[in-house]
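Dropping the sequence and predicted coords here.
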Amino acid sequence: MKLKLKLYSVSDEYINYLRKYDSRVYDNKINNRNHKRKYLGVVLKINSYNYFIPLSSPKETDYLNGNIRSDSPSIIRMHNNKDLFGTLRLSNMIPVPNTEIEYYDIQKEKDEFYKFIVLNELRFINKNKKIIVYYSNSLYNQKNNNVDKEFLKNTVDFNLLETKCDEWINKKKKSV
């Protein structure tokens, strides 16, 4: 049986903590949410950490001359060759402890249009799992090896965030 990727959200408290150290961490938009959920994303294991890769809505910059742009090393566009459902923002993926992620049950989504979009994103993600894993690991290694590529300047600092993730875990352990 193939392992399927699932969608998760990350706690507001943890996102706010990481944003103190790297402003490129996506904000959970506590006061400006279209839905009760936070940002959704998939979780992969990279360098022994759970890495949360946030999903993002399509933007004008995802199109070129009316066509969906090709993927870049830091963005995977989720589409069916006709419709763009959203993007996976690899450049904004963050290490996250198990205690700070929450499974998103799509079957409980009441907004049918939103549910339709998320189901299409999830289908794309699971159909393209190998590519997502490959691109994620590649971006991670390039950033950590200080490869001189323009797109890496807008990528979060994985090493710093892993240190902060470890500090978070240790802090939580001490408070128990």
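Everything's here; your move.

Ile117 and Ser56: what is the separation?
12 Å (C-beta to C-beta, to the nearest Å). Quick note: C-beta positions are derived from backbone N, CA and C, even for glycine.

where does this protein dip in pLDDT?
1-3, 29-38, 176 (pLDDT under 70).

quick one: buried residues of the top helix by length along the chain?
In the chain, taking DSSP state H as the definition, the longest helix is helix 158-175. Going by neighbour count (16 or more other C-beta atoms under 10 Å), the buried part of helix 158-175 is Phe158, Leu161, Glu162, Lys164, Cys165, Trp168.

farthest-separated two in those residues?
Maximum pairwise distance among the buried residues of helix 158-175 (C-beta to C-beta): 15.1 Å, between Phe158 and Trp168.

Just the helices from the protein, written as ranges.
With DSSP H as the criterion, the chain has helices spanning 12-19, 112-127, 129-144, 158-175.

Show me the contact partners of the first one.
Read it as helix 12-19. Residues from elsewhere that reach helix 12-19, judged by C-beta atoms under 8 Å, 6 or more residues apart in numbering: 25-28, 30, 38, 94, 96-97, 100, 161, 164-165, 168.

cutoff 7 Å now
Val25, Asp27, Asn28, Ile30, Lys38, Ile94, Val96, Glu100, Leu161, Lys164, Trp168 (C-beta atoms under 7 Å, 6 or more residues apart in numbering).

Of these, which count as buried by neighbour count?
Applying 16+ other C-beta under 10 Å to the contacts of helix 12-19 flags Val25, Asn28, Lys38, Ile94, Val96, Glu100, Leu161, Lys164, Trp168 as buried.

how close does Phe151 sit to Lys110?
37 Å.

what about the two, which has more around it?
Neighbour count, other C-beta atoms under 10 Å: between Phe151 and Lys110, Phe151 has more, with 16 against 8.

Let me know whether the more buried one touches Arg89 as I believe.
No - assessed by C-beta atoms under 7 Å, Phe151 is found out of contact with Arg89, at 11.7 Å.
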